[in-house]
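**Q** here is a sequence with its predicted model. Questions after.
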Amino acid sequence: HRGAICYYPLDMSLFRFLFTALFLFTLGCTNDASPAIDAGTPLPDAATCDPQKKTISISTGDVNLNVITEGCGDPIVMLHGFPEFSYGWEYVQEKLADEFFVMVPDQRGYNLSDAPTELEAYEFSKLVADVKVLMDKAKEATGKSKVILVGHDWGGGIAWGVAAAHPDDIKGLVILNAPH
């Protein structure tokens, strides 16, 4: 049934970067030291983009997420899988930051982001809501109206949910190593 299938257009340069990302991702990486969170560092704004890598804290209302930002251009939000965290995207983020504003969070419960103890804090709708806040911040920082959303593994499942709940915010959807 054609009405049940959604297709999201992709810029070919993004596709090349993400294909390279998949290759680099399979090489594996380790985190020797976690970066410190600077909750006082603001996101760049569209008028004065600062392409330098920053580690910041973004509140979603009930948790604070550790987020790494880098680059200028169209916004990309990249979601890690399990049991990974933002560092898994480091080499990909560096490449994409040449052309895009890249935002890579530690999702709730991972690494330096808040990890609530209540099971209800990890309901799918709350994970989707976290990403919606990040997308809104990325759009605000770049002055763009849509975001490219990338998800790997369990992050892919969350990305599917975000795209279904907020299709008007999505410029492109890239899912790596996740069923559909």
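**A** Done, it's in.
**Q** hmm, who's touching stretch 134-147?
**A** Residues from elsewhere that reach stretch 134-147, judged by CB atoms under 8 Å, 6 or more residues apart in numbering: 43-47, 49, 58, 60, 65, 67, 69, 72-77, 101, 103, 105, 149, 162, 166, 168-171. Quick note: C-beta positions are derived from backbone N, CA and C, even for glycine.
**Q** report the distance from it to the chain centre.
**A** 12 Å (CA atoms, centre = their mean, to the nearest Å).
**Q** likewise stretch 62-71?
**A** So, by CA atoms, centre = their mean, the centroid of stretch 62-71 is 9 Å from its chain's centroid.
**Q** all strands of this structure, in order?
**A** Counting by DSSP state E, the chain has strands at residues 54-59, 64-70, 74-79, 100-105, 147-152, 170-176.
**Q** who wins for proximity to Asn111 among those?
**A** Between Asn111 and the strands of the chain, the tightest spacing by CB to CB is seen for strand 64-70, at 6.2 Å.
**Q** from the contact counts, what lies against that closest one?
**A** strand 54-59, helix 90-96, strand 100-105, helix 124-142 (3 or more CB pairs under 8 Å, 6 or more residues apart in numbering; DSSP states H and E).
**Q** so which of these is the most surrounded?
**A** Sort these by mean neighbour count, taking mean count of other CB atoms under 10 Å, and strand 100-105 sits at the top with a mean of 27.
**Q** and it, which strands flank it?
**A** As defined by DSSP bridges, the strand partners of strand 100-105 come to strand 64-70 (antiparallel), strand 74-79 (parallel).
**Q** include distance to Ser113 and mean pLDDT when you put the helices and strands packed on strand 64-70 into JSON lines, please.
**A** What follows is the helices and strands packed on strand 64-70, written out as JSON lines (distance: least, CB to CB, whole Å; pLDDT from 0 to 100):
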{"stretch": "strand 54-59", "distance to Ser113": "8", "mean pLDDT": "95"}
{"stretch": "helix 90-96", "distance to Ser113": "16", "mean pLDDT": "94"}
{"stretch": "strand 100-105", "distance to Ser113": "7", "mean pLDDT": "97"}
{"stretch": "helix 124-142", "distance to Ser113": "9", "mean pLDDT": "96"}
